[in-house]
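Q: model this:
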Amino acid sequence: MAVSLRPGPPLRFVTPSMTPALRRYIDNEASSAVVLLAASLVALVWVNSPWSESYHHLWELPVRLSLGSGVFELDLQHFVNDAAMAVFFMVVGLEVSRETRAGELSDRRVMSVPAIGALGGLTVPIIIYLLINGIFGDGGEAMHGWGIVMSTDTAFVLGVLALFGPRCPDRLRIFLLALAVVDDIGAITVMAIFYSDHIKIVPLIVMLGILALFGLLRWVGYWRLGPYVVLTLALWFAAYACGVHPTLAGVLAGLLIPASTPASRGRELVIFGRALIENPSADGVRLANLAASATVSTNERLQIMLHPWSAFVVIPAFGLANAGVELSMDTLHAALTSTVTIGVAVSLLVGNGIGISTFSILALRTGVGVLPGGVRYGHLIGAALLAGIGFTISLFITDLAFDSQLLRDEAKIGILVGSLVSAVVGAWALRYMGERMPLCSPAGDHAPPELPPLPWTAPQFPRPYLR
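A: Numbering: from 1, shown residues only. Sure thing, here's the model as predicted:
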């Protein structure tokens, strides 16, 4: 007979708890925010110092890969943006696949509110940006930057939440992670459709063939990492040749690598482990390692390998390569009156705050979904404002959206200002508004009732008649 882990009647829904894998992911992201902030500050100081030329020369260094007569070459900045960032997007794809298939986000009702809220966070900022640049600007290339304002930086958001969050940070982190999952899917889709170059047919057919091989390996239940890594590299080169942004290859590979928990292989592990103990050998070590690996999903094993590199190497390198904005008087004066700067900053803060909170509250009020117990409307509004921190992918899309360096600098200033204000206002809302508003799901997670005072006595029942 199943025994409840808490007294009282069952809840209307199960409050999701953090698995070790999810907590490890969130801890890495939150810690990465510190390194990313430091790298971005170094880039800002460096590019505005007397040694600014060395900053530009560094990122213009060529990176070459040659095989026979074939040569593949990128400058260092594009190597970080196009190649290294594919690792970051692959980790995103792996996390999306794992959490929506077998993790905390697989519950439809728990996922519904952040998913609907993310749709508001995607659409409302875009509308505000287009209105500002359409009414007050002169249109033209500035209108092409609408994709900049639709992304939330998961690392910075989780970092701010860890420092200034409310008394229910775990449950709010689950909401923000689910929000970021849908947000990243939207941003990646926009990049693939609207910010790609002219598509070439032959490489596109090769991409589809590689994706079919991914599907075949997944269907047959192949669990080793090697073939998936080789196919991911081939997919990246095909995407680069095709004309779509090559980081899309990382996302697609992450989504297609199997995330389901394998069937129990404990018996095999015991057999090969015992054989290794009884007869130690190199071959026995190899077989025991394989038996141990087969008990964990391919997705989780690859994510454990890649996530530290993504969080502490790739993302800081990206911040160092892209956050360098020359803050000269001319640039700042142009930014003060630029509809691009104003549009980006206002859309990140106001657009996300209004869009996410409004859409989420509608989902709650209509009964479409629920939020974990302990989350209040003040927390929800604070999280929506905090989601205006759109740093990494916003900078990423800026380089795709604009050819003009002036527009890029104006957009980056808007990203910096909007993200900073969103962090400050969101943290204030979480700390001071969070506990002053009612619960989002009041029936969801009440504390257990207090026990009666001692001494406790067993209840007295009438004795049955003896026959």
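
Q: What segments of the stretch 201-350 of the chain are helices?
A: Under the criterion DSSP state H, counting those that start in this stretch, helices of the stretch 201-350 of the chain are mapped to 201-220, 226-242, 247-256, 266-278, 282-293, 298-309, 315-322, 329-336, 339-346.

Q: Tell me which of the ones you listed sits most buried.
A: Of these, the one with the most neighbours on average (mean count of other C-beta atoms under 10 Å) is helix 339-346, at a mean of 26. C-betas here are computed from N, CA, C, even on glycine.

Q: Buried residues of the very next helix or strand once past that one, list them for me.
A: Remark: after helix 339-346, the chain's next helix or strand is helix 352-365, criterion DSSP states H and E. Residues of helix 352-365 classed as buried by neighbour count (16 or more other C-beta atoms under 10 Å): Asn352, Gly353, Ile354, Gly355, Ile356, Ser357, Thr358, Phe359, Ser360, Ile361, Ala363, Leu364.

Q: From the residues you listed, pick the one nearest Leu407.
A: Set against Leu407, the nearest of the buried residues of helix 352-365 by C-beta to C-beta is Asn352 (22.0 Å).

Q: looking at the helices of the stretch 201-350 of the chain, which has the lowest confidence?
A: For those, the weakest mean pLDDT is recorded on helix 266-278, namely a mean of 71.

Q: got the contact list for Val149?
A: With contact taken as C-beta atoms under 8 Å, 6 or more residues apart in numbering, Val149 is in contact with Pro125, Ile126, Ile128, Tyr129, Gly343, Val344, Ser347, Leu348, Gly351, Gly390, Ser394.

Q: would you turn those residues into TSV with distance to Ile277?
A: Below are these laid out as TSV (distance: C-beta to C-beta, whole Å):
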residue	distance to Ile277
Pro125	59
Ile126	61
Ile128	65
Tyr129	64
Gly343	66
Val344	62
Ser347	62
Leu348	58
Gly351	61
Gly390	54
Ser394	54
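
Q: Point out where the protein drops to low pLDDT.
A: By pLDDT under 70, the low-scoring segments of the chain are 1-30, 102-106, 164-170, 197, 261-267, 269-270, 372-374, 434, 441-467.

Q: Repeat the analysis, applying 50 as the threshold.
A: Within the chain, the stretches with pLDDT under 50 are 1-16, 444-448, 465-467.

Q: what's around Ser69, how many residues?
A: Here the count is done by other C-beta atoms under 10 Å, and Ser69 has 5 residues near it.

Q: Nearest to Gly139, out of the helices of the stretch 201-350 of the chain?
A: helix 339-346 (9.7 Å).

Q: CA atoms only for the closest one, dumped as CSV, please.
A: Only the C-alpha atoms of helix 339-346 are listed here, as CSV (Å, rounded to 0.1, in the frame of the first residue of the first chain):
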residue,chain,number,x,y,z
THR,A,339,14.9,54.5,-31.3
VAL,A,340,17.0,51.2,-31.4
THR,A,341,18.5,51.8,-28.0
ILE,A,342,15.2,53.1,-26.5
GLY,A,343,13.2,50.3,-28.2
VAL,A,344,15.5,47.6,-26.9
ALA,A,345,15.7,48.8,-23.3
VAL,A,346,12.0,49.5,-23.0
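
Q: Assign Thr152 to helix, strand or coil.
A: coil (DSSP: H, G, I helix; E, B strand; the rest coil).

Q: So for it, what's the nearest residue that isn't a sequence neighbour?
A: Spatial nearest neighbour of Thr152, chain neighbours left out: Ala387 (4.5 Å); criterion: C-beta to C-beta, 6 or more residues apart in numbering.

Q: so what's that neighbour up against?
A: Taking C-beta under 8 Å, 6+ apart, one finds Gly121, Thr152, Val157, Leu176, Leu179, Asp183, Asn352, Ile356, Ser422, Gly426 in contact with Ala387.

Q: Need the contact partners of stretch 211-218.
A: Residues from elsewhere that reach stretch 211-218, judged by C-beta under 8 Å, 6+ apart: Pro227, Tyr228, Leu231, Leu235, Leu252, Ala253, Leu256, Ile257, Pro258.

Q: switch the cut-off to 10 Å
A: 222-224, 227-228, 230-232, 234-235, 238, 249, 252-253, 255-260, 298 (C-beta atoms under 10 Å, 6 or more residues apart in numbering).

Q: Kindly report the same for stretch 54-72.
A: Contact with stretch 54-72 is made by 42-43, 45-49, 51, 73-81, 83, 237, 240, 320-322, 324, 326, as judged by C-beta under 10 Å, 6+ apart.

Q: Kindly recompute the last result at 6 Å.
A: Trp46, Val47, Glu73, Leu74, Asp75, Leu76, Gln77, Phe79, Ala321, Gly324 (C-beta atoms under 6 Å, 6 or more residues apart in numbering).

Q: now stretch 129-139
A: Stretch 129-139 is contacted from outside by Ala142, Met143, Trp146, Val149, Thr339, Gly343, Ser347, using C-beta under 6 Å, 6+ apart.
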